[in-house]
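*Asks:* Fold the stuff below for me.
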Amino acid sequence: MSGQADVMSARERLIALFDADTFVETDRLAEAAGVVTGFGYVDGVPAYAYAQDRAVVNGAIGREQAAKIAKVYETAAQNGAPLVAVFDSDGARLGEGVDAMDAIADILRRSHELSGVVPQVAVVAGACVGSAALIAAAADVVIRAEDADYYLAVGTSAKADITVCCDKKAMETAREVLSYLPQNNLAAPAVFESAAGGAVSEDAAAMAADSGSLLKLSDYTAFARLDGAPCGMVTLSADALDEECAVVARFVRVCDSFSLPIVTFVDAAGFASLDAAAKLSQAYAEITAPKVSVITGRAYGAVYIALAGKSAGADAVLAWPAATVSPLAPETAVELLWQDRLAAMTDPKNERAALAKEYAATACAITAAAEKGWVSDVVEPAETREKLMAYLNMLAGKRVTHLPRKHANIRL
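*Replies:* As a prediction, this is how the structure comes out:
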């Protein structure tokens, strides 16, 4: 990618990131470091950034580059402003040996220390390989240009949160990501003018979000706006949740770090593994930001317990009329609880599905959970957006503290 004529230079990438005429370059004469650094405004919000300069020793990271980048992390921390890191380098300056490795370790440590304090966005605009990929992966959101290399070890490929066509689009997307996040963990995110209602779609998140505001990071996660206010949206729809759990756990922790409300749409029968269930349940349990669940279909057993119910920490639980809540999947429940009816059937093999459907519509009906107070309201799909806006407005002042501790021991 870096050999293409239409690829932007490091300086051009930073100019594209910031509002027009606001980019101020720092340490401008230290060009030998192979990185351009500076600050400016993104939609009127101050931010810091650095972009590796492939024109200087292929952007290789050494002591000079690390020292210049370190100042960016320091000033971002001191001023509580977002940080955007643009990667385009073949890796460490091998001639510096262990000094180059220490330089990369220093940047990585600073990124980890800043995690959850200010938003960090990594843009893989060119090569981001080897140990440099560790720094990119530490960011809250990773955006990759589709032709850019992004991996730790040769022969492997790391997955970015968002992949776009080119470095120019990547910089535009970085601006868009920052628009959903506050300046730091003590600030409130910017609220935009309320947009029209959500799109007509089978996608529950798209229906609920302000029109055109859904920014997908994966098949399961997205930033969105409701009545102009940013939030995180999670869609869990599967027979058995597995690999998506790690993606969702990280996403909700990012949202919670910056107090973004989290809306979770649930239609899942279970988890594929205990690791997946434990990982996601702890991530949800630690959330102190406003948290609303919408049961759009199935919420069986561990899924309801870990993600959907009020006892899982949801501030409100909405459900669609066809939703079902049950300790077991109906197909399993009838085998245990309705054995007499199964035995009385003339063709139990073919009639078992009908019996499970009847069990779901009666014993698992969502109205039963609502009558006991476990579901806040049963709403039609078309009413979901209005109800969510009402609940999130009510929860805007939510304040929760946990017991004192060093950190939780989330299952990784």
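
*Asks:* doesn't K279 fall inside a helix?
*Replies:* Yes. Assessed with DSSP: H, G, I helix; E, B strand; the rest coil, K279 lies in a helix.

*Asks:* Hmm, it is touching C245, no?
*Replies:* Yes. Applying CB atoms under 8 Å as the test, K279 and C245 come out as touching, 5.3 Å apart. C-beta here means a position set from N, CA and C on the backbone, and glycine is covered the same way.

*Asks:* Okay, now the unreliable bits of the stretch 151-300 of the chain?
*Replies:* 195, 197-201 (pLDDT under 70).

*Asks:* That one: strands as residue ranges?
*Replies:* Counting by DSSP state E, counting those that start in this stretch, the stretch 151-300 of the chain has these strands, from start to end: 162-164, 215-216, 221-226, 229-238, 262-268, 291-300.

*Asks:* Report the distance from the second one to the chain centre.
*Replies:* The gap between where strand 215-216 is centred and where its chain is centred comes out at 9 Å by CA atoms, centre = their mean, to the nearest Å.

*Asks:* Neighbouring strands of it in the sheet, and parallel or not?
*Replies:* strand 221-226 (antiparallel) (DSSP bridges).

*Asks:* Next, the angle strand 262-268 makes with the strand it pairs with.
*Replies:* Put simply, strand 221-226 runs at 120 degrees to strand 262-268, going by axes from the mean of the first three to the mean of the last three CA atoms, to 10 degrees.

*Asks:* Extract the C-alpha set from strand 221-226 and format it as CSV.
*Replies:* Taking Å, rounded to 0.1, in the frame of the first residue of the first chain, the C-alpha atoms of strand 221-226 are listed here in CSV:
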residue,chain,number,x,y,z
THR,A,221,-21.4,-4.1,18.3
ALA,A,222,-21.9,-0.5,17.2
PHE,A,223,-21.7,3.1,18.4
ALA,A,224,-25.0,4.9,17.8
ARG,A,225,-27.1,7.9,18.9
LEU,A,226,-30.5,7.9,20.5
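
*Asks:* Going forward, the N-terminal residue is numbered 166.
*Replies:* Sure, I'll start counting at 166 from here, so that last one is strand 386-391.

*Asks:* Show me what that strand is in contact with.
*Replies:* The contact list for strand 386-391, computed with CB atoms under 8 Å, 6 or more residues apart in numbering, reads 342, 345, 357, 360, 370, 373-375, 378-382, 395-400, 412-413, 416, 425-426, 428, 550, 553-554, 557.

*Asks:* can you check stretch 528-536 too?
*Replies:* Contacts for stretch 528-536 (CB under 8 Å, 6+ apart): 460, 484-491, 495, 498, 502, 540-543.

*Asks:* what do you get for stretch 306-315?
*Replies:* Against stretch 306-315 from outside (CB under 8 Å, 6+ apart): 166, 169, 253, 284-294, 298, 301, 322-323, 325-332, 334-335, 338-339, 342, 382, 419.
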